[in-house]
Each structure stands twice: as C-alpha cells, then as structure tokens.
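**Q** Model the structure of this input:
(one chain, ligands or ions: 4)
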Amino acid sequence: MTNEEISKILAEMAVLYEMESVEFKPRAYERASDGVAGLQEEVESVYKKDGIKGLMKIPGVGRGIAEHLKQLFSDGHFKEYDRLKKKFPVDIASLSSIEGVGPKMIKLLYNQLKIKNISDLEKAAASGELRAIPHIREKMEQKILKGIEYKKSGGGRVEIGKLLPLARAMKSRLEKVKGVEAIEIAGSLRRRQETIGDLDFLAVSENPEMICEFFSKMPEVSHVFAKGPTKVLVRLKQGLDADLRVLPKVSFGAALQYFTGSKDHNVEVRKIAIKKGYKLNEYGLFKSADTRGKKRRTTQKETLVAAHTEEEVYKKLGMDTPPPEMRLNRGEIEAALKHRLPKLVGYGDLKGDLQTQTDWTDGANSISEMAEEAMRLGHEYMAVTDHTRSLAMTGGADEKKLLRQMSEIDKLNLKFNPRSGGQKSKFKILKGAEVNILKDGSLDIDDKTLAKLDVVGAAVHSFFNLSREDQTARIIKAMGNRNVDIIFHPTGRIINRRKPYDVDIEAIIKAAKRTGTILEIDGHPWRLDLSDEHIRMAKEAGVKMVIDTDAHSVHELSYLEYGIAQARRGWAEKSDIINTLPLGDFLKCLKK
Ligand code: DGT
Ligand code: CA
Ligand code: CA
Ligand code: ZN
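**A** Ligands and ions are numbered 1, 2, ... in the order given. Here you go, the predicted structure:
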C-alpha cells in the first residue's frame, strides 16, 4: 500500500471518529495522516526495516496508530477502519472535497438526513431539505450548492500537490527497472501547472516491454486501458490517468519537447519549423531532401537535424530553450527567438519562509519544531505568522497572546544564536502575524502591537461575497496601514474548492506600488495565490513579491517549491522576489 493510500485512510478515520463522537482521536489521526503524506520513504519499508519503533518516528504516529499500521501490513486491512466504514457507509473523500463541508458537517448530514455522497447532498440542498438541520441556514445551503457546482466544473483535474510527490516516487521506481536509461515526467506536471489532467511519463529503455510490464503493475495503478510494446495507458487509484511511452534514445529530446507541451506552445514552435523548411514531430526535427517535387517527397528522403536533446531542437530553430514552466505560448516564443528570455527565480534562490502557522493557533507543530525544520531546509529566516483574534476557530491570537509569543520567540532566537554557544548559526525566527482584515478594511490587532512585529501579513478570511468595489476598497485600506508589509493570498481562492473573491487585481497592484506593500505568492498547493498571470502583472508594475508556504505543519515547509514554480510560470526573476535576499536586505524592503 502506498503512503498516499495510507494517508487517505488515516484522514478518513479522523472523520469517522468525529462521526462516532470520539474525543481527541480525530485530531490525532489527522496529524498521522499529514505525517505519512509528508514522508519521503514508503511507510511499509519503514515498518519492514525498523518495525513499530520505526513507525513511531513518523510525525504524528503514536503507539496506537503504529499498532494499527502493523496490522495493516500483516493482514492487508485495518480492522478498525472496516468497523467504522460499516457503521458509517459515507463517501468521506468526495464529500469533504466540497467547500464548507468538514467533519462536523459530514456527521450532521449523515445523522440527520442519511446523506452519504455528493449526489445525496446536492438533492437535499436543492430541495431545501438541508434546512431541516438546525445549524444550516439558507446561506450555508447556497454555499454548498456553489461548492458542488464548482467541483463539477473542475472537470476532474487534480491539484499538483497531490501528484508531484506521487509521480516522483513512481519515477524513482521506474528508473531502477532493468534496461532503463532515462525516465522523465512530461506534460503539465513538468510545466508545474496548478492542476493536472493526466500524467505523462517518457522512457528510454533497452527493454521496452519490461518497463511497460512493470508500469502496468505498479501499486498506484487501478486499471490498465491499453498495453502495447512501447506504450501503456492506465488509470491510477488517485483518480486520474497516466501514460508511459518508450522512445528510441536518439529522439528523446524531441519527444520530451513534444510531450512537455503545452499544445499551444507546440503549435507555434511547429510553425517556426515549417517557416524554416523543417518538419517537427515527436521523433525529431527533419529537413526534407527535396523541396521542389512535393508529391514525390517521401519520409526516407528526410534527414534528421536534431532530436537528442531539447536544446538542440530549439537551437536549430534559432531559439533559446524556454524553461518548461514558461511554455504556455504567452510570449515566451518571441522572447526565445530574440534571446531575451527572463532569468527566472531559481528553485534554490529563497532564503526564508514568511508565512507559517504553529500550535499557538491552527498549526500542528511548535515554533521550535518549525524553526528546526526550516533550518534543516537551509533557510536563514522564518516568520511565524499565526492567525489573529477574529479567526476564532483557529484560536487566533489577541494582542496579549501575540506579546507572549514575541517573548517566546526572543528566547528561542537566543537559543539559536551562535553567540550563546549554540551550533546553529545565522538563523532567525521573525515575529509576525497573519492579521485578519475586517469587513471595513480595518485590522483586528491594534497598531501599537503590530508595530512591535518584524513582519505583518494581512489577509481576508471572511465576507468573501462583498461587491468587487467594496472588496477592493477593503484590501486597499488595509494596505494603507503602515504596519502592513504583505497581503497574504490576495485573491482568496482555493483550487478546485473556492473561486477567488471578486476583486480588482489591477487596482490592488497599483495600490501595492503606491503604498510599498508586498504581494504574496502563497505556495501552498491548495492556494497558489497570486496566480501566474497576476504575478506577471505585478512584476510588470514593479511590485515586489514574496514566496512562502503557508505551512501548518513541518512537512508543509517544503511547499516553497510549488510557490517557486508558480512564480516561474509568472516570469518572476530573482529581483522580483524579496525573500531571495539575506535577512538584513530583506528587512530593508519592508515598510518600517
Ligand atoms: P493535462 O494533461 O490536461 O494537464 O495537460 P498536458 O499538457 O499534459 O496535455 P496532454 O497530457 O493531453 O498532452 C501532453 C503533451 O503532448 C501536451 O502538453 C502537448 C502534446 N500534445 C498533445 N496533443 C497534442 C496535439 O494535438 N498537438 C501538439 N502539437 N501537441 C500535442
Ligand atoms: Ca498530461
Ligand atoms: Ca497525456
Ligand atoms: Zn491557518
């Protein structure tokens, strides 16, 4: 069983215990689910190597859950899960993918109306039956209907955060198959798009049939649609399709170029090839031997010009090679022809993280655990930005709590400071907050306290339905506060779950420029907010941005990668992103 599947079961169990009204267990299972999802190594091999003790080292996994996992690996199923599933035969995964539907709601829906899946829910919401439940009013009913509609319109595309680790794990196992010389992930995943329609693997192998056989039998596969000697098409348990193509070594670069896409990019590149008298396809760039007698031209007379690497293909066409993230036919082809591609911010360029939540509010880990992990990742700084007062469900901090947290951070910084004799040099925890922007654009923490923080992010977490005018004015008012350094997740969307609120992003960008406010690129793969197009607008307006993770646990601190990918798709360069700067220079870019 893969980590993905185990993590899913643990997350379901959290909800099932909630339905059973068991205390503490729901949170414990959620943490274990997160811990498993974030693990590089397969849980099963951890167990095989180090037994129960090894399992208990996984973040969030205590003895009880470790015992359950042991049983899972020895008998192939979770007794407790089977018992709960029998008691509550509910499609938890799909119900909880609807905005506004969490564990407590699932419990109410089942107990009161026996709602088991999305179609039951849709019927109940459309007929007004939902309002029989005391906690559900019309507003909630509308929200649920909107959520269902939005989910349907998503067309089954899967968020990148669910796929990149999965695809990498598959890739590393495919690499080890006998005869394999190269494996690459192409398609939208190589371009690091926000959502993925299907996975495209390319391989070079001396033994194509063997890798095809291996691929079709991978544990991630739920169904094989087609299997030939050099091509396999499967459905994954994750709910999307994946295909593998095995190619001759000579044409690997051309194939990679072709299957990386995007389709729009390819169409334009092919036009350039034709203009130059070439033919371009997944096997290579060819020059026709006879350009006059078109009718008599045969493929035998074509000579291969370039195919081995992508760079060769682009070079023969007179172009630089655009990074995969840029290949969307949004001007990159022209720039590549003029040798004027921007030098994109790199995956190793960030010096720190600027949005993290801890167990002071709704995060899973302590400040110190988060800081240790940030150090391990090589960061120079990390801002702690817990939620504030008016986000009551997270236990948001008021002024007093923020002051207490600040002195805790002072203590920790002293501990991490080399002068105190510690080993960990040059790391600093910054005092921050994710301050809530109230309906009228004022903030829920007083200015005196905000002024004491190193870095203040402000964000909208309520009143998503204001008119465009009011929503925009509200955020711009917050930007006018001289303590507000950054606007976090500026459009509020959650991928596949919630549309952005209606806001005039051009006006926000203008106001950011005028007030010296920074805009966030929230790298959490559920958010990825700003979008790539907004990033490009901000860059062109000369507005500075930060890339951060919005991490709520230690393993989410690795989400910077998604934020960087997003920034690259938005053409951002190092100089556009201020947390590429060392701490001192970074702080100088803030308002104070
Ligand atoms: P997805 O899967 O919807 O997230 O997006 P892609 O870009 O991965 O699309 P997919 O899997 O249909 O095809 C992979 C690549 O193959 C695509 O990016 C470009 C190339 N490709 C597919 N169909 C065509 C086509 O009709 N013409 C050209 N020029 N390229 C194509
Ligand atoms: Ca694809
Ligand atoms: Ca495909
Ligand atoms: Zn939070």
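
**Q** give the contact list for the residue nearest to the spatial centre of the chain.
**A** In the chain, the centroid-proximal residue (C-alpha atoms, centre = their mean) is P525; its distance is 1.8 Å. Residues in contact with P525 (C-beta atoms under 8 Å, 6 or more residues apart in numbering) are E159, I160, G161, K162, I495, Y559, Y562. Every residue, glycine included, has its C-beta placed from N, CA and C.

**Q** Return the members of those residues classed as buried.
**A** Buried subset of the contacts of P525 (neighbour count, 16 or more other C-beta atoms under 10 Å): E159, I160, G161, K162, I495, Y559, Y562.

**Q** Secondary structure element holding R514?
**A** Using DSSP states H and E, R514 falls within helix 505-515.

**Q** Output that helix as CSV - backbone C-alpha positions only.
**A** Extracted C-alpha coordinates of helix 505-515, given in CSV (Å, rounded to 0.1, in the frame of the first residue of the first chain):
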residue,chain,number,x,y,z
ILE,A,505,-6.5,42.9,-9.0
GLU,A,506,-5.1,45.8,-11.2
ALA,A,507,-6.2,48.3,-8.5
ILE,A,508,-4.6,46.1,-5.8
ILE,A,509,-1.3,46.0,-7.8
LYS,A,510,-1.4,49.8,-8.2
ALA,A,511,-2.1,50.3,-4.5
ALA,A,512,0.7,47.9,-3.7
LYS,A,513,3.1,50.0,-5.7
ARG,A,514,1.9,53.3,-4.2
THR,A,515,2.0,52.1,-0.6
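
**Q** Save the buried ones among the contacts of P525 as CSV, and put in pLDDT, secondary structure and distance to ligand 2 too.
**A** Shown next, in CSV, are the buried ones among the contacts of P525 (pLDDT from 0 to 100; DSSP: H, G, I helix; E, B strand; the rest coil; distance: C-beta to the ion, whole Å):
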residue, pLDDT, secondary structure, distance to ligand 2
E159, 94, strand, 14
I160, 96, helix, 12
G161, 95, helix, 16
K162, 92, helix, 14
I495, 92, coil, 17
Y559, 97, helix, 22
Y562, 98, helix, 18
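
**Q** between these, which is nearest K401?
**A** Nearest to K401 among those, counting by C-beta to C-beta, is Y559 at 25.9 Å.

**Q** Once you drop chain neighbours, what's closest to that closest one?
**A** Distance criterion C-beta to C-beta, 6 or more residues apart in numbering; nearest residue to Y559, sequence neighbours excluded, is T549 at 4.1 Å.

**Q** rewinding a little: can you check my assumption that the residue nearest to the centre of the chain lies in a strand?
**A** No. Membership of P525 in a strand is not supported by DSSP: H, G, I helix; E, B strand; the rest coil, which gives coil.

**Q** now it: how far from ligand 4?
**A** 15 Å (C-beta to the ion, to the nearest Å).

**Q** That residue - nearest residue in space that isn't next to it in sequence?
**A** Closest residue to P525 apart from its sequence neighbours, by C-beta to C-beta, 6+ apart: G161 at 2.7 Å.

**Q** same question, P208
**A** V246 (4.0 Å).

**Q** Going by proximity to ligand 2, name the top residue of the stretch 51-200 of the chain.
**A** Distances between the stretch 51-200 of the chain and ligand 2 by C-beta to the ion are smallest at G187, namely 3.2 Å.

**Q** Might you report the residue contacts of that residue?
**A** Contacts of G187 (C-beta under 8 Å, 6+ apart): I196, D198, L199, D200, F259, T260, G261.

**Q** Type out the ChimeraX command that picks the buried ones from the residues you listed.
**A** In ChimeraX syntax, the buried subset of the contacts of G187 is picked out as below (16+ other C-beta under 10 Å):
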select :196,198,199,200,259,260,261
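
**Q** Pull up the distance across stretch 570-577, start to finish.
**A** 12 Å (C-alpha to C-alpha, to the nearest Å).

**Q** Secondary structure element holding R404?
**A** In this structure, R404 sits in helix 399-416 according to DSSP H and E.

**Q** per-domain residue ranges of this structure.
**A** Residue ranges for the domains of the chain, per automatic domain parsing: 3-153, 158-246, 252-337, 352-588.

**Q** looking at those domains, which is closest to L344?
**A** Nearest of the domains of the chain (C-beta to C-beta): domain 352-588, 4.5 Å.

**Q** any residue of the closest one up close to ligand 1?
**A** No. Under the criterion of C-beta under 6 Å from any ligand atom, domain 352-588 makes no contact with ligand 1; the nearest approach is 13.1 Å.

**Q** Name the nearest residue to D550, ignoring sequence neighbours.
**A** H524 (4.0 Å).

**Q** what sits against the residue nearest to P208?
**A** Contacts of V246 (C-beta under 8 Å, 6+ apart): L202, A203, V204, S205, P208, I211, C212, T230, K231.

**Q** That one looks like it's in a strand, true?
**A** Yes. Looking at V246 with three-state DSSP, it is inside a strand.

**Q** That one pairs with what?
**A** On the basis of DSSP bridges, V246 takes part in beta bridges with A203.

**Q** now do E573
**A** The partner residues for E573, given DSSP bridges, come to L344.

**Q** That one is in contact with P342, isn't it?
**A** Yes. Using C-beta atoms under 8 Å, E573 is in contact with P342, at 5.3 Å.

**Q** which other helices and strands contact the helix or strand of the chain with the lowest mean pLDDT?
**A** Least confident helix or strand, the chain: helix 138-153 with a mean of 82, by mean pLDDT, DSSP states H and E. Contacts defined by 3 or more C-beta pairs under 8 Å, 6 or more residues apart in numbering; DSSP states H and E place helix 138-153 against helix 118-126.
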